[in-house]
Every structure is written in structure tokens, then in C-alpha cells.
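[1] Pasted the sequence and its predicted model underneath.
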Amino acid sequence: MNLNIDRQVLLGAVTKLDPRQLVREPVMLVVEIGAVVTTVLSVVDPSVLGWMVTVWLWLTVLFATLAESVAEGRGKAQAASLRALQTETTANRRTPGGGIEEVPSTSLRSGDVVVVAAGERIPGDGEVIEGVASVDESAVTGESAPVIRESGGDRSAVTGGTTVLSDQVAVRITSEPGQSFVDRMIALVEGSERQRTPNEIALNVLLSALTVVFVVVCATLWPVADHNGARQPVLVLVALLVCLIPTTIGALLSAIGIAGMDRLVRRNVLAMSGRAVEAAGDVDVLLLDKTGTITLGNRHATELLPVDGVDPDELAQAALLSSLADETPEGRSIVTLVGGEATLPRDAELVEFSATTRMSGVDTGGRQLRKGAGSAVTAWVGHSDPQLDGLVEQVSATGGTPLVVAEARGEERRLLGVIHLKDVVKPGMRERFDELRAMGIRTVMITGDNATTAKAIAGEARVDDFLAEATPEDKLALIREQQTGGRLVAMCGDGTNDAPALAQADVGVAMNTGTVAAKEAGNMVDLDSDPTKLIDIVEIGKQLLITRGALTTFSVANDVAKYFAILPAMFVVAFPDLDVLNVMRLSSPESAIVSAVVFNALVIVALIPLALRGVRYRPSSAAALLRRNILLYGVGGLIAPFVGIKLLDLVVSLIPGL
Ligand SMILES: Nc1ncnc2c1ncn2[C@@H]1O[C@H](COP(=O)(O)OP(=O)(O)OP(=O)(O)O)[C@@H](O)[C@H]1O
Ligand SMILES: [K+]
Ligand SMILES: [Mg+2]
């Protein structure tokens, strides 16, 4: 593993020695205080032992800050390239009068509307409110293929710093200066905004408590030893204290957390909350939105199917008229399919699409035209038609979305036919959902589409279960229901109608292609818009928990062993009976103490790569994992000090004066 220790990383490590920063790691703060004490003692009363202990105590603290600095350094290069996106550009802002004024991009505020043409850089985060464009987002996502961004649908969000390749769009800015997506990304990859996770905080409290206990033990050892004629210099007691407190995990705890977040960033996932990363390690159920999440999301009209007695042209004109003002991608695709030069009559009153009504349309010239989900439109018409039901079934069975078209003139309401909307399942879904199943995670697709379409897509993507004709409230209710059963729920979605569910889920992963509302509601954003990314997220979450557990086990086992390694050596002169415990036959009490302190420091260095890389995660039961880790890190931690300190003693004893 390339640790990449350059000047900047070293400088960072030295800066972190500042006690004001170190208070966040109480174990290391105690070591630093110890180092200050031994430094003073060694200046007043110099000795080889004193200086050896002092130098190695300082190194112990430095190794800890170095671990954190190295972990942070890995995001620095990425942060630098992201900063390049923030250079000021000129934005074309719409004035209240309808004109255009040139303003610096840095002065844009939430609510401003800017016009961006081909070749120009999008000056800030926002939502496309007019037009369609292909956008190069590679600077943010690393993906070189251009993406479509359009108004009305679930693919409307744009990121400041990306470039429009073709056409022109109007964008409503949604972020305030300094709070953009790229700002948040930079803070994340640099680790400066890292939030400690609940488990990490709990562990830190536990380690601090342990440290206090050992401080008390060592402080009381002094008068006791003195009383028994085995007076121990303060220097030796400080050395003993540092060996006993959990320095290994105390030094690496923060690096483990930073490295976990970094692993997510490397997989193109931005986690806004550490709690979510930990929760991901224990997820039981994954809920996924269909359109735009499991499928590519460019649902578009491919054919018109009239019912008997309706002229194909009449259906086409009705479909067209009801879609002329429909700004959703579905609506625009109908206009494209039918073609022609039709314009909306002046008296036309629009009925906008909503995920709750699942209909859209227009009222004009005494006519009302509606199109939408089969159940919604037949309910509006007030009666159904077996032939129409057949057409709906026919489209649904292929996984397509049927939009039923209907008309009302006065009292008479008629069903005209069906529009076939087609969408494609993203490649590779099946295998990845199989993998999730192997990890013990149940996948449930939720969609506003009808049950037959849902069933066809669910079968094709091979999810475990599906919920059809779901409104935003249904999605939220399903999550709440799962959570009350004590299960941890992950949700992947892209639409504004997914936002409440994304906010409620323990792990809410918003697709980067999605709407601003979805991205703000979730606690993670996947830049690749791949719902099966959850596999990686779960693995990283599990790995984080396992790594922390393994290194804590190792650290505590190590300290217990050190107790037996050095205590007999310290007191053997005063209590010759202790010699039976002196199994290691270290050459002298002084050499024993120095060897223990050196070993204690070197263990930190040795484990930095493991803390950064993480303990390997293989899918297996929690019990098997626990057994394996206790064996490896517990027993290993008990044995290592005996071997290590003995070997160091052989070298240290050669130093004159020890
Ligand atoms: N522009 C539109 N006009 C009329 N009806 C529409 C339009 N777009 C979609 N519908 C209908 O509304 C239903 C719900 O659509 P919506 O996009 O809200 O679903 P959803 O809950 O996001 O789930 P999914 O993402 O899987 O579609 C669709 O199944 C379709 O029948
Ligand atoms: K220790
Ligand atoms: Mg959707």
C-alpha cells in the first residue's frame, strides 16, 4: 500500500500535536502530557533511560497524528481538482424585466434564473426549468459520457461547474454561495466536515474511561510502591501508564473513520452523514424506486393503441393536445411521436401531472382531455372497457407503462385508447440484486406504475418483491412499517416524490441524476446513479464496523499482555519472588521499560495500513466473523507483545546505560 507521506502530510501531523486539537483524542492527549512530564524530568535530571522514554513518547503521539494526516491526505488531490471547478465565471442572469444581465457566478443566489448555452459552464447548482441539454458532468462524476438534463421530470438537477454540450437551458439556482454541491464534496473528501459516527463516539468515551482508570492505578501505585520500599521514579510510572492505556486504537480510531468515508468517495458515493455509513453495515431491506432508479428513466412514447371505433388520428390528436403543455419527459415524448405543428388553443387550461393524481391533461373548447395511469383515468371516466383493459394489459406485460387517454364533452365521457411508454432496465441489475440477496438484504421495488408493469420489471430485474400504484405517502408508510419491525431500511430514489421516503430511510441514497429535492432529502448521493451501489455501501459500512472492532480487540489484548511483560521487570529488584513471573527474562528493568514503550509506539505504525485499508470483509454470518476476529486479533494481540518486546530488548540492552 502506498502511504504517500509527503511534506504536507508531515506538516499536518505536526500541527495536530497542538493540545487544543488533541483533546478530541483523550488517550493521545494523556500520552502528550506524559511526554511533556518526562521531557521536563530529563532536562532537570538527564539520563539515557529518561531521554529514550521521552523521545519514544513523543513519537507515539506523532504516529497517531500521522495516521490521521495520512488518512486525510488521500482526499487532498481530489479536493484540488474539485476546487478548479469553482473558478469564477460569468453568468447570464435573467432580470425581472425579462432581459439578460452578465453577473459573476459567485454573486448568484438561490432563486436566480440563469440561461446557459452550449459550450458554457453551468454557474451554480440548480434545477432546469426550461429546455433539454446534454451536459458533461465528468469533472464531478468522473464519467465521460454526456448526460441528459431536462425540465419537468426526475432528471432536472444540474451541478455547478459542469458544462452544457449542446442546446440551451434555463436553470433556477438552488444553492447559496459557499454551500454548493462541490463545496460539500470538497469538505467531505478533505475530511474537514467529517462527523463522528455514534459508535465511534461511544468507543471514544469508553477508551477515555479506561484511560482514567489507568491514570488512577498508576498514581496510586506510587505511594504503595514507595511504602513497600520499591520506590519507582515518576518517569517509569509514566512509561507504564502509556503502555497500559489503549494507545493503539486511540491513535487509529479517527483514521479508520476517515478512511471509511474515503472508500465511499472513491466509489463515487458522497455520504453526508457518518451515522448512515454505519447503518449501511446492518441494512435489512432495500427499497427502490422503479423509473430512473432500476430503469434508465427515459420513459418515452413508442406507439398509440386506439380502442375499436376510435379513429387512430383522433387518439393521436387527443394525446398531442393533452401533452402540448406537459413539461414532463413523458409528455414531450408524446409530442415528438405524434409530430405535426399543433399549438395550444388560447382558452386552454392546463391540468399538470402530479404523482398523487397520476393524470395530466387540458381543458379547451368545452372538451376535457386526460391521460394517465389506467386506474386513475378509468376512475375519472366513471366506467371501464374490456377492450381497453386488454390494451393496458398488453403494454404492461412487456414492462411498458400504459397511459390511458380519455375525453369528456358535456356529460359524455369516452375512453379513446392507450399510449405505450417504454423504458429499459439498467444493464447488470439482475446479477447485482442476486448479490444483495446473498448478503441477506431483501429488495423491494416501489412504483407509481400498475401492478402488471411492476411485475414485469420486477421479474426482469429480479427484485424480491414490489409495491405498485404507490403514492409518495405509500412509499413513506412502507418505510415506517419496516422500521417499526426493528429493521434498518435503505432507500434508493431519484424523484421529488421519493424525497419524503429518502428522508425517512436509515440510509437514503439519491441518484445524482435525480431532482434537487431528492438529493437534499437523502443522506448519500451516488454520482453514478446506480442503485446497486448499495452493495458497495453495505460492504464499506460492515468493513468500517469490523475494522474498528478488530483493532479495539487487538489494542486491549496488547495492553493486558504488556502489563505482565513489564510489571515483573519493574519490581523484581524489590520483590525477588516476582521473578517467577518474569517469563521473558528481559536483560534489565530499564531495558524492559524502554522496549515496552518502543513496542507500544511501533505497533501504531505497523497497523496504519490496516486501519486505512480496512479489514477484509467476506460475506459470512456475524457469529463466524466475531469468532474469527477474536481469534486473530485477540489472541494475536496477547502474543505479539511478548515476542516484540523480547526482540526489542535484545537490541535495546546493547545501548550503553540501559
Ligand atoms: N406526464 C404524465 N402524464 C400523465 N400521467 C403520467 C405522466 N407521467 C407518468 N404518469 C402516470 O403516473 C404514474 C406515476 O408516475 P411517477 O413517475 O410519479 O411514478 P413513481 O412513483 O415515481 O414511480 P416510478 O418512478 O417507478 O414511475 C405512472 O405510472 C404513469 O401511469
Ligand atoms: K498502550
Ligand atoms: Mg420516479
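    Everything's here; your move. Ligands and ions are numbered 1, 2, ... in the order given.
[2] Can you pull the poorly scored residue ranges out of the stretch 451-600 of the chain?
    Along the stretch 451-600 of the chain, segments meeting pLDDT under 70 span 573, 580-581.
[3] interface residues of it facing ligand 1?
    Ala470, Gly495, Asn497 (C-beta under 6 Å from any ligand atom). Backbone N, C-alpha and C define where each C-beta goes, glycine included.
[4] how many neighbours does Gln179 have?
    A count of nearby residues for Gln179, using other C-beta atoms under 10 Å, gives 11.
[5] Check for me that Ser134 belongs to a helix.
    No - using DSSP: H, G, I helix; E, B strand; the rest coil, the assignment for Ser134 is strand, not a helix.
[6] Touching, it and Glu150? I think so.
    No - Ser134 lies out of contact with Glu150 (C-beta atoms under 8 Å); the separation is 9.9 Å.
[7] returning to that earlier point: put together CSV for the residues of the stretch 451-600 of the chain next to ligand 1, with secondary structure and distance to ligand 3 on each row.
    Listed next are those as CSV, based on DSSP: H, G, I helix; E, B strand; the rest coil; distance: C-beta to the ion, whole Å:
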residue, secondary structure, distance to ligand 3
Ala470, coil, 10
Gly495, coil, 4
Asn497, helix, 6
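[8] quick one, strands of the stretch 351-500 of the chain?
    If you assign secondary structure with DSSP state E, counting those that start in this stretch, the strands in the stretch 351-500 of the chain sit at 359-364, 367-372, 401-409, 412-422, 442-446, 465-467, 489-493.
[9] So which of these is the most surrounded?
    strand 489-493 (a mean of 30; mean count of other C-beta atoms under 10 Å).
[10] That one close to ligand 3?
    No - Strand 489-493 is not in contact with ligand 3 by C-beta under 5 Å from the ion; minimum separation 6.8 Å.
[11] by contact count, what packs against that strand?
    strand 285-289, helix 472-484, helix 499-504, strand 507-511, helix 534-571 (3 or more C-beta pairs under 8 Å, 6 or more residues apart in numbering; DSSP states H and E).
[12] can you pull the buried residues of the longest one?
    When burial is assessed from 16 or more other C-beta atoms under 10 Å, helix 534-571 yields the following buried residues: 534-559, 561-563, 565-571.
[13] Just give me how far it sits from the chain centre.
    Offset of helix 534-571 from its chain centre (C-alpha atoms, centre = their mean, to the nearest Å): 25 Å.
[14] picking that back up, can you narrow the buried residues of helix 534-571 to ones near ligand 3?
    When contact is defined as C-beta under 5 Å from the ion, the buried residues of helix 534-571 do not meet ligand 3 at all.
[15] Okay, the residue nearest to Ser384 when sequence neighbours are not counted and Ala406: tell me how far apart.
    In space, and not counting its chain neighbours, Ser384 is closest to Thr378: 4.7 Å by C-beta to C-beta, 6 or more residues apart in numbering. Distance, Thr378 to Ala406, using C-beta to C-beta, to the nearest Å: 8 Å.
[16] Ok, Glu176 next?
    Applying C-beta to C-beta to Glu176 and Ala406 gives a distance of 45 Å.
[17] Looking at the stretch 101-250 of the chain, which residue is nearest ligand 3?
    Nearest to ligand 3, among the residues of the stretch 101-250 of the chain, is Asp154, at 5.2 Å (C-beta to the ion).
[18] show me the contacts for that residue.
    Counting by C-beta atoms under 8 Å, 6 or more residues apart in numbering, Asp154 makes contact with Thr291, Gly292, Gly297, Asp494, Gly495, Thr496, Thr513, Gly514, Thr515, Ala518.
[19] So which of these are in helices?
    Ala518 (DSSP state H).
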